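Enquirer: Let's see this in three dimensions:
(one chain, ligands or ions: 1)
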Amino acid sequence: MSSIYLSVEEQSLLDGGQGPGVQRAMEIVVTLGRIYGAARLVPISSAHISGVSYKNLGAAGLAFLNRWAEEGARARVPAWLNPMGMEADRWIEMGIPAEFAEPQLAVIDAFRRMGVVPTLSCTPYLLAEEVAQPGEHLAWAESSAVVFANSVLGARTNREGGPSALAAAIVGRTACYGYHLDEGRRATHVVEVHAPLHTVADFGALGQIVGQQVGSGVPYFADLGQWLPALPGEVSPGSEAVDRLKTLGASLAAYGAVALFHVAGYTPEAVAVGEDLLGPDVQFLSVEGLDDAYLAMNDEGVLDIDLVSLGCPHASLAEIAQVAEFVRGQQMNTQLWVTTARRTRERAVVDGWVQTIEEAGGRVVADTCTVVAPLQLLGVRTLATNAAKTACYAPAHSGVRVRFGTIEQCLQAALSGRWSN
Ligand code: F3S
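Expert: Predicted coordinates for the structure are as follows:
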């Protein structure tokens, strides 16, 4: 392991000067820095912590968090949580058993005692304007949020693990390596896309193809701006460009391990730095069509759908409005979940979108999503989604068979109970 420079204050945190909880956090941050060859630590402005669902944590994870909280660990920068395994206040209605719900609520309580705000969403960038400035250092763990922060916001974060993001929040610093450094942000692949991209699902399909080919590389999309209906610099939480970019990033991160992409003339660094962003051994990749991705993400044998899942990453207000307009005055034939942040749900209530969807028999579900909720306990065996990340993870994480298509195809399936191409 390499050596790492620590200031006097940092050394004191590592030596236990502020108690065992802070010392434990500093040990994690410094050890990661040594493993990855960081020369120093860097102050962070926020942390986003994943691994919140009791489905993933189990009793051992809950005990670990409780011990850390009892040791006096407290976040010293704004710190937020990824979705947990259920809605905080409607878990009985969801059919979640108490043996899952009670420890899940205890997990949230442990985070709360450490000063972490239970936003319970993977889209912190939809919840506050200017959640991170270009060039700002962060310690975010949710892979879809990491890729959005790096690529669209121009901030700098590695793909932290849940414990390392919490540790970084407790010491207000993270190890400075990887995507925190200019050299880690150079493109490894130039990608030309020769297929039209009309829908959010198309952006997910593109992410499946490119993610599988570039792995943990940094794609530089040469010509994607034409499919993003907002001008560079006007990418705001309400714009369809955000819905497309968050889906693309989530898919690249799920099917590959992408933490950063650039769009020529569009994303902040591509605008500021231009072609100097290309790394020394850049490779070229051409995407001619999306059919292979749609084929790979679809289980052709699935016709009857138990659950239609929209909102991965968590739905924006615009996406909830689109669902409401589609289902207004109709009735579902199977379950529909539109998963979103609690704050977004509250805004959608004000606009009447939630009432419209729930009158049609659907649910706008806060705090959770279909990948981290215990779907098997709820009897769900087949699922339809317009989210490439859900299509990637749900079979392995939740044991379900998946259909992937446009939001319109998914909503038709919710109304009829059956998938049709
Ligand atoms: Fe978010 Fe769950 Fe998808 S955490 S990115 S909605 S898998």
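Enquirer: contacting residues for the residue in the stretch 201-350 of the chain that the ligand sits nearest to?
Expert: Distances between the stretch 201-350 of the chain and the ligand by CB to the nearest ligand atom are smallest at residue 312, namely 3.3 Å. C-beta: built from backbone N, CA, C; applies to glycine. Neighbouring residues of residue 312 by CB atoms under 8 Å, 6 or more residues apart in numbering: 250, 339, 369, 370, 371, 385, 387, 389, 390.
Enquirer: Kindly report the same for residue 203.
Expert: Residue 203 makes contacts with 197, 227, 244, 245, 247, 248, 251, as judged by CB under 8 Å, 6+ apart.
Enquirer: what about the second one, how many neighbours?
Expert: Neighbouring residues of residue 227 were enumerated by other CB atoms under 10 Å; the total is 19.
Enquirer: now swap in the fifth one and tell me
Expert: Look at residue 247: counted by other CB under 10 Å, it has 27 neighbours.
Enquirer: what's the distance between it and residue 338?
Expert: 15 Å (CB to CB, to the nearest Å).
Enquirer: again with residue 308
Expert: For residue 308 relative to residue 338 (CB to CB), the value is 9 Å.
Enquirer: Let me know the average pLDDT across stretch 294-310.
Expert: The average pLDDT within stretch 294-310 is 95.
Enquirer: mind saving the C-alpha coords of that stretch as CSV?
Expert: Output of stretch 294-310 as CSV, limited to C-alpha atoms (Å, rounded to 0.1, in the frame of the first residue of the first chain):
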residue,chain,number,x,y,z
TYR,A,294,-34.1,-4.7,-26.7
LEU,A,295,-33.8,-8.4,-27.4
ALA,A,296,-31.3,-9.0,-24.6
MET,A,297,-33.4,-7.2,-22.0
ASN,A,298,-36.7,-8.9,-22.9
ASP,A,299,-37.7,-12.3,-21.6
GLU,A,300,-39.8,-13.3,-24.7
GLY,A,301,-41.7,-16.0,-22.7
VAL,A,302,-43.3,-13.5,-20.4
LEU,A,303,-46.9,-12.5,-21.4
ASP,A,304,-48.8,-12.0,-18.1
ILE,A,305,-47.4,-9.2,-16.0
ASP,A,306,-47.6,-9.1,-12.2
LEU,A,307,-46.1,-5.6,-11.7
VAL,A,308,-45.3,-2.7,-14.0
SER,A,309,-42.4,-0.7,-12.6
LEU,A,310,-41.6,2.9,-13.7
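Enquirer: so how far is it from its chain's centroid?
Expert: 22 Å (CA atoms, centre = their mean, to the nearest Å).
Enquirer: right, and the helix or strand after whichever strand or helix holds residue 112?
Expert: Per DSSP states H and E, residue 112 falls inside helix 98-113. Following helix 98-113 in sequence order, the next helix or strand is helix 124-127 (DSSP H and E).
Enquirer: Please identify the buried residues of that following helix?
Expert: Buried residues in helix 124-127, defined by neighbour count with 16 or more other CB atoms under 10 Å: 124, 125, 126, 127.
Enquirer: coming back round to it: any idea which of the contacts of residue 203 has the most stuff around it?
Expert: If you rank the contacts of residue 203 by neighbour count (other CB under 10 Å), residue 248 sits at the top with 34 neighbours.
Enquirer: secondary structure class for that residue?
Expert: What DSSP: H, G, I helix; E, B strand; the rest coil gives for residue 248 is helix.
Enquirer: how close does it sit to residue 147?
Expert: Residue 248 is 8 Å from residue 147, by CB to CB.
Enquirer: what do the two both touch?
Expert: residue 261.
Enquirer: Now do the one helix or strand residue 63 maps to: which elements does it pack against?
Expert: Per DSSP H and E, residue 63 falls inside helix 54-70. Packing partners of helix 54-70 (3 or more CB pairs under 8 Å, 6 or more residues apart in numbering; DSSP states H and E): helix 20-35, helix 98-113.
Enquirer: can you pull the buried residues of stretch 327-339?
Expert: Residues of stretch 327-339 classed as buried by neighbour count (16+ other CB under 10 Å): 327, 332, 334, 335, 336, 337, 338, 339.
Enquirer: List the buried residues for the helix or strand bottoming out on mean pLDDT in the chain?
Expert: Lowest on mean pLDDT, DSSP states H and E among the helices and strands of the chain sits helix 268-273, with a mean of 86. Neighbour-count burial for helix 268-273, counted by 16+ other CB under 10 Å, picks out 268, 269, 270.
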